[in-house]
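Colleague: sequence below, structure please.
(one chain, ligands or ions: 1)
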Amino acid sequence: MSGALKDPAERLYGRTRSHPLRPRQQLLLDVTLPRLRFSEAQAVDPLAAFHPRPAKLWLEVGFGGGEHAQAQAAAHAEAGLIACEVFENGLCSLLSRLVPEGGEATAPLPGNLRLWDDDARILLRALPPGSLDRVFLLFPDPWPKMRHAKRRFVHPAQVALVARALRTDGEWRVASDDPTYQAWVEEVMAGQALFTVRAPALQRPGDWPPTRYETKAIRAGRSPRYWTFSRTDLPAPADTHQAPADLPGAQGDPE
Ligand SMILES: C[S@@+](CC[C@H](N)C(=O)[O-])C[C@H]1O[C@@H](n2cnc3c(N)ncnc32)[C@H](O)[C@@H]1O
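Modeller: Below you'll find the model as predicted:
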């Protein structure tokens, strides 16, 4: 591993709000989000949070504007998807497409989509081992400077955390357009045995809806890579399962 790799940062992301919220956005957070929110108490039996109870459980880390999460939920009624995002404007963006103005409290919502508006790592720790069938990490914040590497979501500690929650043969999909992060993913994943590693696709595979970040990256001339890692049957290290209270919430200080 290049350089001395530090433990993961207490907080992996930057701002959680970019500008004051408009009244409609505030209403979406106050009224619609609670209708979709996945609570920590539900992590004991996560499939029970969906109606009807799905056959599979999927989780997306950092959904941004939620284009991918919304498309996957619409295309896969058989899967319950917990979509995680800490950035309020991202949450509002997804919620505003799910409910029309005036329908914040009453409009029907997808039965197979739930939202987690805190650090995805808290939820990954709270879920039962082997409960997830698939995890998506699409265009994570690249943190290109080496001194920020501890904030990258792909990190040996988080690899073990994802592995703990995924069942054997479960899939971890990762995409990145950033050359430093691409090399980093290759390096981190080559140094572990919890997932089998194949060369990434250079074109977005089928059943992999586009995201806003990806569209911008391609328009800017960058070349995304798309990995599909498959969970082996090796047990994940036991110490990935810290109590959620050991982790800071979204309001913690980045340093
Ligand atoms: C570069 S954006 C990409 C968003 C989206 N996946 C896309 O492709 O358009 C990364 C997102 O991950 C979110 N994020 C970063 N760390 C997170 C964490 N630990 N838990 C939940 N969301 C996180 C950030 O708030 C940000 O919106």
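Colleague: C-alpha only now, for contacts and for neighbours.
Modeller: Fine.
Colleague: now for the longest strand belonging to the chain, which elements pack on it?
Modeller: Longest strand in the chain by number of residues, with DSSP state E as the criterion: strand 166-176. Using 3 or more CA pairs under 8 Å, 6 or more residues apart in numbering; DSSP states H and E as the contact test, the elements touching strand 166-176 are strand 132-138, strand 225-231.
Colleague: closest one to residue 113 among those?
Modeller: Counting by CA to CA, residue 113 lies closest to strand 132-138 out of these; the figure is 14.1 Å.
Colleague: now do the closest one: distance to the chain's middle.
Modeller: Counting by CA atoms, centre = their mean, to the nearest Å, strand 132-138 is centred 7 Å from the centre of its parent chain.
Colleague: contacts for that strand, please.
Modeller: For strand 132-138, the surrounding residues in contact (CA atoms under 8 Å, 6 or more residues apart in numbering) are 56-63, 162, 165-167, 170-176, 211.
Colleague: contacts with the ligand among those residues, please.
Modeller: 61, 62, 63, 211 (CA under 6 Å from any ligand atom).
Colleague: can I get these in JSON lines including neighbour count and pLDDT?
Modeller: Below are those laid out as JSON lines (neighbours: other CA atoms under 10 Å; pLDDT from 0 to 100):
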{"residue": "61", "neighbour count": "24", "pLDDT": "98"}
{"residue": "62", "neighbour count": "27", "pLDDT": "98"}
{"residue": "63", "neighbour count": "28", "pLDDT": "98"}
{"residue": "211", "neighbour count": "19", "pLDDT": "97"}
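Colleague: which ones among the residues you listed map onto helices?
Modeller: If you go by DSSP state H, these have nothing in helices.
Colleague: follow-up on the earlier one: what residues of the longest strand of the chain count as buried?
Modeller: 166, 167, 168, 170, 171, 172, 173, 174, 175, 176 (16 or more other CA atoms under 10 Å).
Colleague: restricting to C-alpha, output that strand in CSV.
Modeller: Backbone C-alpha positions of strand 166-176 (Å, rounded to 0.1, in the frame of the first residue of the first chain) are rendered in CSV as follows:
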residue,chain,number,x,y,z
LEU,A,166,-22.8,-9.0,2.6
ARG,A,167,-23.7,-12.7,2.2
THR,A,168,-21.3,-15.1,0.4
ASP,A,169,-21.5,-14.4,-3.3
GLY,A,170,-23.1,-11.1,-2.6
GLU,A,171,-22.0,-8.3,-5.0
TRP,A,172,-20.3,-5.0,-4.2
ARG,A,173,-20.5,-2.6,-7.2
VAL,A,174,-18.0,0.3,-7.2
ALA,A,175,-17.5,3.0,-9.8
SER,A,176,-15.0,5.8,-10.0
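Colleague: parallel or antiparallel, list what pairs with that strand.
Modeller: strand 132-138 (parallel), strand 225-231 (antiparallel) (DSSP bridges).
Colleague: need those in JSON lines with distance to the ligand and mean pLDDT, can you?
Modeller: Conversion of the strands paired with strand 166-176 to JSON lines gives the following (distance: least, CA to the nearest ligand atom, whole Å; pLDDT from 0 to 100):
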{"stretch": "strand 132-138", "distance to the ligand": "4", "mean pLDDT": "98"}
{"stretch": "strand 225-231", "distance to the ligand": "12", "mean pLDDT": "98"}
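Colleague: can you check what angle separates the one helix or strand residue 162 maps to from strand 132-138?
Modeller: Secondary structure assigned from DSSP states H and E places residue 162 in helix 156-165. In this structure, helix 156-165 runs at an angle of 150 degrees to strand 132-138, with axes from the mean of the first three to the mean of the last three CA atoms, to 10 degrees as the basis.
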